[in-house]
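Asker: Show me how the following folds:
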Amino acid sequence: MAATNKVVRIGCHSGFWGDSLTAAHQLVQHGGQLDYLVSDYLAEVTMCILARIKAKAAGAAKLGGAGEGGYVAEFVEHVWRPLMKPIMQRKIKVVTNAGGMNPAALKAAIERTARDAGIEVPVVAAVVGDDLQPRLDELRPSLRPFAVNGESEPVLFGEMLPVLSCNAYLGARPIADAFAAGAQIVVTGRGVDSAVVLGPLMHEFGWRACDYDLLSAGSLAGHVVECGCQATGGNYTDWRESAAQGWHNTGYPIVEVAADGTFVVTKPEGTGGIVNRFTVAEQLLYEIHDPCSYVLPDVVCDWSHVQLLQLPAPPGSPISNRVLVKGARGRAPTAYYKVAVTAIDGFRIGGMVVIGGIDAVAKANAVAAAVFKRLRLLLKLRAMDDFVATHHEVLGAEHTYGPHGRTGHSREVLLRIVVHHRQQAAVALFAKELASFGLCSAPGIMGAGEGRPSPSPQIRYASCLVPKQAVPVTILLADSSIAVAVDIAPAASPPQPQLQPPHEVAAVPRQAPAGGRWGMVPLVALCLGRSGDKGDVVNIGVVVRRPEFFALVKAAVTEQAVAAYMSHLVNGSVRRYELPGIGGLNFVCTRALGGGGTSSLHIDRQGKAYAQMLLDLPIVAPLDWLSLTKL
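Answerer: Numbers count the residues shown, from 1 in each chain. Presented below is the predicted three-dimensional model:
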């Protein structure tokens, strides 16, 4: 591949369906000359919503909601409509997965909006083929389990549950091919989040399917920006540092990518938030499993030795906000796509009650017990089965912290109660009965939310694998359909993680050694962290604040230590992976979210606070080290 000084600038304006309405405007109008504007709207819960809307039949696009056939209409109303003129004038190309369950419908909406505005209609391509639900019966025999930490997730296909959606996570090749065919805008359905960045890079630099290190680097660039401002100070452990720069105008991420795969993470000048080694490191760790074997459709990535370098601040600026990323490696992809499946499993309903005063926590627990007991009596009177599951949490009393909670005597709490039943009539009893406890139970009940809660379908989620050769992918461009030739790896078996060997570490004293300046410190004094979910699996990534801390943190924060500390939440296994390039450890915990995502009755069903919780883990360390950190 010929050397080139070309740099491709890509800005990401959406990390989920619900991101800021200011983001796209900020990047287009204040982000310098962008080559591409990309966005990620889809998560498992998003696909559920769009699938339900699609199932209810097509209708007029709804402002701020889902469009006809199940796409994200917010992209049209809040991104394309107000910004199409500067996007077209500046020749910014666009990639979005807002196509959801119907990319072709989004393609038509974009074209129609431009036509109605009297501007040149852009060349829009739609990538289709990820929706496998119409072919479910045909594909059943070829589906394979998806395993994490050696544990296979349950597959819904063998159960008598109505399947809502079944979508393969496609890769970046169709996006690259669409641009090569002349597209200015590419819309997709379900694909891996990082593909919205890798696809443009494959097109711009001519990266081949066998350029595994480059594909891994491009995927990492996409991974860093796919969650929007999580790379620019959002969800950052040292949040005060980010808040000081202003959250009201947080900058959205831009990657400046070179042909050799190295890239710089930055944000528009004059915006809030912050870009430093740790904001990028935290995002690198987000929602990955084995960093040596992160399986994507186009490449299996090894990010274990990635390096992050803070670049000098420009003249006149006290903060750099520019981080160089290099060192990604890759190898051949597998012969399988991951598939996300959702199905309806009865109904759920939840309600919240504020309780104040003396013994508020004890009163909340007593109220919850009484609610469940009365509801079960009503079910028995109606000859109905018991609930599939019930759950309550006393928020404000560190309920989620389990044995590590410190505020069990709070005088103001929020009681959250959730029930799950196969029949809608059963959960409807909850809606009628909850408010009555304001008169018949504990003193100090201040309110029960905004009116009666309503039942909603209980959605179950699972993953499996499907052979790539069984999933034809097509690009819809103008009036033609272009088949995508996806390279099939020679491997005949599903991907297996390359497990790192068990770590032999010295025992860590639980008390300060005599005569030394050692003592118990919280892990946050030495590390930062971020956690994320995939189904019922949570990953908790930590990264050391200084390289000299790494050996001690490795010795102290073992799989056993994390499993014990998080045992009130984690019911499965805990496996640790190392990222020596950034001084990071990644803990992958199975059966940790009460089913995860749409299946879970827990308040933290996506594990957002798990890293914050682990950062309170006490470990023995030299007390002199505390002077080396900002804390």
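
Asker: got a list of what P455 touches?
Answerer: Listed by C-beta atoms under 8 Å, 6 or more residues apart in numbering, the contact partners of P455 are 347-349, 424, 427-428, 431. In this view, the C-beta of every residue, glycine as well, is placed from N, C-alpha and C.

Asker: Read off the pLDDT value for it.
Answerer: P455 carries a pLDDT score of 94 in this model.

Asker: Now the phi/psi pair for it, please.
Answerer: Dihedral pair for P455: phi -70, psi 150, per degrees, to the nearest 10.

Asker: Make residue 1 into 47 and carry on from there
Answerer: Shifting the count to begin at 47 puts that one at P501.

Asker: roughly how far apart are it and M130?
Answerer: The gap separating P501 from M130 is 40 Å, by C-beta to C-beta, to the nearest Å.

Asker: Please apply the same query to G618.
Answerer: Taking C-beta to C-beta, one finds G618 at 47 Å from M130.

Asker: So for the two, which sits in the more crowded spot?
Answerer: M130 (21 against 17; other C-beta atoms under 10 Å).

Asker: Surely the more buried one and E157 touch.
Answerer: No: applying C-beta atoms under 8 Å, one finds M130 not in contact with E157, separated by 10.8 Å.

Asker: what is in contact with those two at once?
Answerer: P168.

Asker: Can you turn the buried part of the contacts of P501 into a PyMOL selection?
Answerer: Only the buried members of the contacts of P501 enter the following PyMOL selection, criterion being 16 or more other C-beta atoms under 10 Å:
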select buried, resi 393+394+395+473+474+477
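
Asker: Give me the lowest-pLDDT entry from the contacts of P501.
Answerer: Of all these, A477 has the smallest pLDDT value, namely 92.

Asker: just the helices in the stretch 247-396 of the chain please.
Answerer: 258-271, 285-289, 323-331 (DSSP state H, counting those that start in this stretch).

Asker: next one: the stretch 47-196 of the chain
Answerer: Using DSSP H, counting those that start in this stretch, helices in the stretch 47-196 of the chain cover 69-76, 90-101, 119-120, 127-135, 149-162, 182-185.

Asker: closest one to Q515 among those?
Answerer: helix 182-185 (11.5 Å; C-beta to C-beta).

Asker: Name the residues that touch that closest one?
Answerer: 178, 203, 209, 212, 512, 516.

Asker: Please name the bridge partners of the fourth one.
Answerer: Right, C212. Beta-bridge partners recorded for C212 (DSSP bridges): V387.

Asker: Report whether the expected contact of it with D177 is present.
Answerer: Yes: counting by C-beta under 8 Å, C212 touches D177, with 7.4 Å between them.

Asker: Quick check: neighbours shared by the two?
Answerer: Counting by C-beta under 8 Å, 6+ apart, C212 and D177 have no shared contacts at all.

Asker: Please say which of these two ends up with more neighbours.
Answerer: C212 (26 against 21).

Asker: ok now do the more buried one, which residues does it touch?
Answerer: C212 touches 177-179, 182, 385-388, counting by C-beta under 8 Å, 6+ apart.

Asker: could you measure it against G362, distance?
Answerer: Separation of C212 from G362 (C-beta to C-beta): 54 Å.

Asker: again with L523
Answerer: From L523 over to G362 the distance is 46 Å, taken as C-beta to C-beta.

Asker: What is the neighbour count of the closest residue in space to W253 that isn't next to it in sequence?
Answerer: Nearest non-adjacent residue to W253, counting by C-beta to C-beta, 6 or more residues apart in numbering: L260, 4.7 Å away. Using other C-beta under 10 Å, L260 is surrounded by 24 other residues.

Asker: L260 is in contact with T308, isn't it?
Answerer: No: with contacts counted by C-beta under 8 Å, L260 stays clear of T308, the gap being 10.2 Å.

Asker: Now do the same contact list for M492.
Answerer: Counted by C-beta under 8 Å, 6+ apart, M492 has contacts 400-402.

Asker: repeat that with 10 Å
Answerer: 399-403, 458, 460, 484 (C-beta atoms under 10 Å, 6 or more residues apart in numbering).

Asker: Equivalent analysis for G575, please.
Answerer: Going by C-beta under 10 Å, 6+ apart, G575 touches 283, 327-328, 331, 569, 586-589, 630-631, 633, 656-661.

Asker: what's the single longest helix in this protein?
Answerer: Counting residues, the longest helix in the chain under DSSP state H turns out to be helix 406-427.

Asker: For beta bridges, what are the partners of V400?
Answerer: Legend: beta-bridge partners of V400 under DSSP bridges are L460, G493.

Asker: In this model I491 seems to touch it, though I could be wrong.
Answerer: Yes: contact criterion C-beta atoms under 10 Å: V400 and I491 qualify, at 7.1 Å.

Asker: shared neighbours of those two, which are they?
Answerer: The contact sets of V400 and I491 overlap at 410, 461 (C-beta under 10 Å, 6+ apart).
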